[in-house]
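In: Got a sequence here, can you model it:
(2 chains)
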Amino acid sequence: MTFGGAPHILVGMERTDAELIAAVLRGDAASFEPLVQKYSPRLFATARRYARREDEVEDIVQEVWLKAYQKLSGFRGEAPFEHWLMRMAVRTCYDFLRNHQRNRETAFSEITDAEGDWLEHYAQEPENARENADAARQLVARVLEHLSPPARVIITLLEIEEKSIKEISRLTGWSLPLVKVRAFRARAEMRKFLARMAREKYL
Amino acid sequence: MNIDELERKLIMAARSNPPSDRVPYAFEMRIMERLKQPVFADHWSVWGQALWRAAAPCVAIMVLFTAWTVLSPTASPAEGDIDQELERTVMASFEAEPSAEMNW
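Out: Purely as a prediction, here's the structure:
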């Protein structure tokens, strides 16, 4: 594949994904760059759901692009390139979670004062606790960090991104029954964690 | 504390705060530079992957052969026949060549 020059740049003409992919497969590796530019924002947003540190996020996205480049010949074009790429991204994020299962058993003392205050406010007046408060956002990120990798992926896709079971199955490569079972377990795991947090901290 | 309501509030908090899609400066150039670098295959990982892939068929073949050996109906020799079998085996060459003594 050639990287030199810029034969792919056609002024006033934006090439489609299929054309760019075909060019890359013909050996024009530089045609891969517009794909990277176009889809990197989506990949960064996805990776930031699973990794907190920015260097980890960049590593995940870089790995997704390297995999995509290496496996591009396996893209059959039956579905949009974005779907194929997102499937790779979710699976890479899942592998990242499995390889970095740290801090899952940390103590609740790690909860910041602001998060603690929000919880205390919720315990006293549940209906008045604001969902859009920064402390609530930080708290949910912390709760997600304590979940097992499958539970975290399921809660993120099903509850936060509001994807269907079928979409999750397609993204993760898990069968529909497995997604349902893991969704059930993930909700139970999250409730169990919240109950433990409430019991140890505020009761 | 109402855990279901707490869960709902936290999920709503996460929904209302989608992560940023900001891409670091010149990220695509970094990726293209990375793609230019030659890929060095890790021979140990290639071997490891091949061995892991071979493990399942090997186990399956082993199980099939074990089942075949255990379940196939073989006539087990009666006790005492082993001596005769041994004697027959040892003497087989002499029986096959009646003129063996002539060779001495």
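In: could you point out the longest helix in chain B?
Out: helix B:43-71 (DSSP state H).
In: Would you mind measuring from A:Ala79 to B:Ala60?
Out: 33 Å (Cβ to Cβ, to the nearest Å). (Glycine included, C-beta is placed from N, CA and C.)
In: chain center to the longest helix of chain B: distance?
Out: 4 Å (Cα atoms, centre = their mean, to the nearest Å).
In: is that helix anywhere near chain A?
Out: No: judged by Cβ under 8 Å from any Cβ of the partner chain, helix B:43-71 and chain A are separated, with a smallest distance of 14.2 Å.
In: tell me what that helix is packed against?
Out: Packed against helix B:43-71, as judged by 3 or more Cβ pairs under 8 Å, 6 or more residues apart in numbering or on different chains; DSSP states H and E, are no other helices or strands.
In: as a whole number, average confidence for whichever helix or strand comes after it?
Out: Downstream of helix B:43-71, the next assigned helix or strand under DSSP states H and E is helix B:81-96. Helix B:81-96 carries an average pLDDT of 79.
In: Would you mind putting the CA coordinates of helix B:81-96 into PDB?
Out: Only the C-alpha atoms of helix B:81-96 are listed here, as PDB (Å, rounded to 0.1, in the frame of the first residue of the first chain):
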ATOM      1  CA  ASP B  81      -5.400 -67.600  27.500                       C
ATOM      2  CA  ILE B  82      -2.700 -65.100  27.800                       C
ATOM      3  CA  ASP B  83      -0.100 -67.800  28.500                       C
ATOM      4  CA  GLN B  84      -1.100 -69.600  25.400                       C
ATOM      5  CA  GLU B  85      -1.200 -66.400  23.400                       C
ATOM      6  CA  LEU B  86       2.400 -65.700  24.500                       C
ATOM      7  CA  GLU B  87       3.600 -69.200  23.700                       C
ATOM      8  CA  ARG B  88       2.000 -69.100  20.300                       C
ATOM      9  CA  THR B  89       3.500 -65.800  19.600                       C
ATOM     10  CA  VAL B  90       7.000 -66.900  20.600                       C
ATOM     11  CA  MET B  91       6.800 -70.100  18.700                       C
ATOM     12  CA  ALA B  92       5.200 -68.600  15.700                       C
ATOM     13  CA  SER B  93       8.500 -68.200  13.800                       C
ATOM     14  CA  PHE B  94       9.400 -71.900  14.400                       C
ATOM     15  CA  GLU B  95       6.000 -73.100  13.300                       C
ATOM     16  CA  ALA B  96       6.200 -71.000  10.200                       C
END
